[in-house]
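**Student:** Build me a model from this:
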Amino acid sequence: MFYDLNIALPESAGKANGSMSSQEWAQVVRAVEQARDLGYGMVALNQTVQGRLTAEHLAVWKTVPAIDGAQLSWNPATGKRVVGQGGSGSGSVAAVKRGSVRVLRRVTAVIREADQGHSVSGTPVSNEYDVVAVRPTSEKLLFAASSGAWGGVDMVALDMAARWGFFAKHKTVGQALALGLAFEVAYGGALGDSAQRQQWVSNVAAMVRVTRGKGLVWASGARQAFELRSPNDVTVLGEAVQLNAALAKRAVSANARAVVVHSFTRTQTLRAVVAEVDQPGSDQARSDQARSDQAAAAGSDQGGEAARKRQRVA
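**Tutor:** Next comes the predicted model:
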């Protein structure tokens, strides 16, 4: 299955208690439908937040309109993430129905101060998103993201069409890959003016070199349907920046799936562990009770044996 984990929402959606007009939602709906028609089975709507993520940023997700042939990973009525069920509103890793597309929620936090990263570090708010990405704006912040300082992050999303002002070092990127983080390449920058295209090629070539093509996730960053490209076109674009065909295909399939699974495992495993420990009838509780019963029985046997010995002596 092919993935596009970055269909961009407008800037207004990234504000606290932000909103989107019906025209803006209509553009998003057309982009999702276009992605489905191009052969993508899973897409993510990307909400870009400047700095700290708060509960107020979730408000916009309650206003999503109906999307033909789409299965949402959240309940629009409540705005809450729904995991592990079939049909509309099903979880991010559930099976996708033939001819439909699963729509996930993603947040990308633009980080300018280290403490801003903690707002996406496994908080109740960030756990409502299927994909959590950060865009560090300095080498120090890139190192923090790559070293696991913000444990709730699934992907690093640098702006490939902008001048960074720092280098993505092999050691730093290697740390991130070892932790299961991915690096996004949004090909939308390649569709800009000549200056943007030149910067995009330079940055992407650097990322391909420093990652050796591993852990890269290609996405559109599209705001409108016409900016989307088919998975085959994206693969060809990857080959143009020295990414071999196999790795280019993984960047829109297996690597992207790994991001979704990373998020699901990170959030749902923790919830499952807590639920299991707290549940009185759990295997752990039964095991603890069994050990307690055995200890009590052993104590009773020892007490009875001591009493019999005293009787014989008497």
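
**Student:** right, and residue 3 touches residue 252 too?
**Tutor:** Yes - judged on Cβ atoms under 8 Å, residue 3 makes contact with residue 252 at a distance of 6.2 Å. Any C-beta I mention is one placed from the backbone N, CA and C, and that applies to glycine too.

**Student:** which of the two has more neighbours?
**Tutor:** Ranked by neighbour count (other Cβ atoms under 10 Å), residue 3 and residue 252 place residue 252 first, with 30 against 27.

**Student:** Which secondary structure element is home to the more buried one?
**Tutor:** In this assignment (DSSP states H and E), residue 252 forms part of neither any helix nor any strand.

**Student:** Distance check, it against residue 156.
**Tutor:** Distance, residue 252 to residue 156, by Cβ to Cβ, to the nearest Å: 17 Å.

**Student:** And for residue 7?
**Tutor:** From residue 7 across to residue 156, the span is 19 Å (Cβ to Cβ).

**Student:** who's more crowded, those two?
**Tutor:** Ranked by neighbour count (other Cβ under 10 Å), residue 7 and residue 156 place residue 7 first, with 28 against 24.

**Student:** is the more buried one in a bridge, and if so with what?
**Tutor:** On DSSP bridges, the residues paired with residue 7 through beta bridges are residue 45, residue 222.

**Student:** Pull the contacting residues for it.
**Tutor:** For residue 7, the contact set (Cβ atoms under 8 Å, 6 or more residues apart in numbering) comprises 28, 31-32, 35, 43-46, 220, 222.

**Student:** do residue 107 as well
**Tutor:** Contacts of residue 107 (Cβ under 8 Å, 6+ apart): 46-49, 53, 57, 120, 126, 129, 131-133.

**Student:** which one of those residues sits closest to residue 204?
**Tutor:** Of all the contacts of residue 107, residue 133 has the smallest distance to residue 204: 16.9 Å, by Cβ to Cβ.

**Student:** and that closest one, what helix or strand is that in?
**Tutor:** Residue 133 is located in strand 131-136, with elements delineated by DSSP H and E.

**Student:** neighbouring strands for that strand, and are they parallel or not?
**Tutor:** Sheet pairing here is set by DSSP bridges, and for strand 131-136 it gives strand 101-111 (parallel), strand 155-156 (parallel).

**Student:** Quick one: these as TSV, columns for mean pLDDT and distance to residue 265 too.
**Tutor:** Listed next are those as TSV, based on pLDDT from 0 to 100; distance: least, Cβ to Cβ, whole Å:
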stretch	mean pLDDT	distance to residue 265
strand 101-111	97	15
strand 155-156	97	14
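
**Student:** Kindly reformat those strands as CSV containing distance to residue 240.
**Tutor:** Shown next, in CSV, are the strands paired with strand 131-136 (distance: least, Cβ to Cβ, whole Å):
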stretch, distance to residue 240
strand 101-111, 25
strand 155-156, 22
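
**Student:** Figure out which of the ones you listed is closest to residue 179.
**Tutor:** With Cβ to Cβ as the measure, strand 155-156 is the member of the strands paired with strand 131-136 nearest residue 179 (10.6 Å).

**Student:** Rounded mean pLDDT for the following helix or strand past the closest one, please.
**Tutor:** Later in the chain than strand 155-156, the nearest helix or strand by DSSP H and E is helix 170-178. For helix 170-178, mean pLDDT rounds to 95.

**Student:** which other residues reach helix 170-178?
**Tutor:** By Cβ under 8 Å, 6+ apart, the residues outside helix 170-178 that reach it are 139, 142-143, 145-148, 156, 183, 207, 210-211, 214-215.

**Student:** just so I have it, where are all the helices in this structure?
**Tutor:** Along the chain, the segments classed as helices by DSSP state H run 22-38, 139-146, 170-178, 194-211, 231-240, 245-250, 254-278, 283-313.

**Student:** list the buried ones in the shortest one?
**Tutor:** When burial is assessed from 16 or more other Cβ atoms under 10 Å, helix 245-250 yields the following buried residues: 247-250.

**Student:** swap in the second one?
**Tutor:** By neighbour count, and taking 16+ other Cβ under 10 Å as the criterion, the buried residues in helix 139-146 are 141-146.
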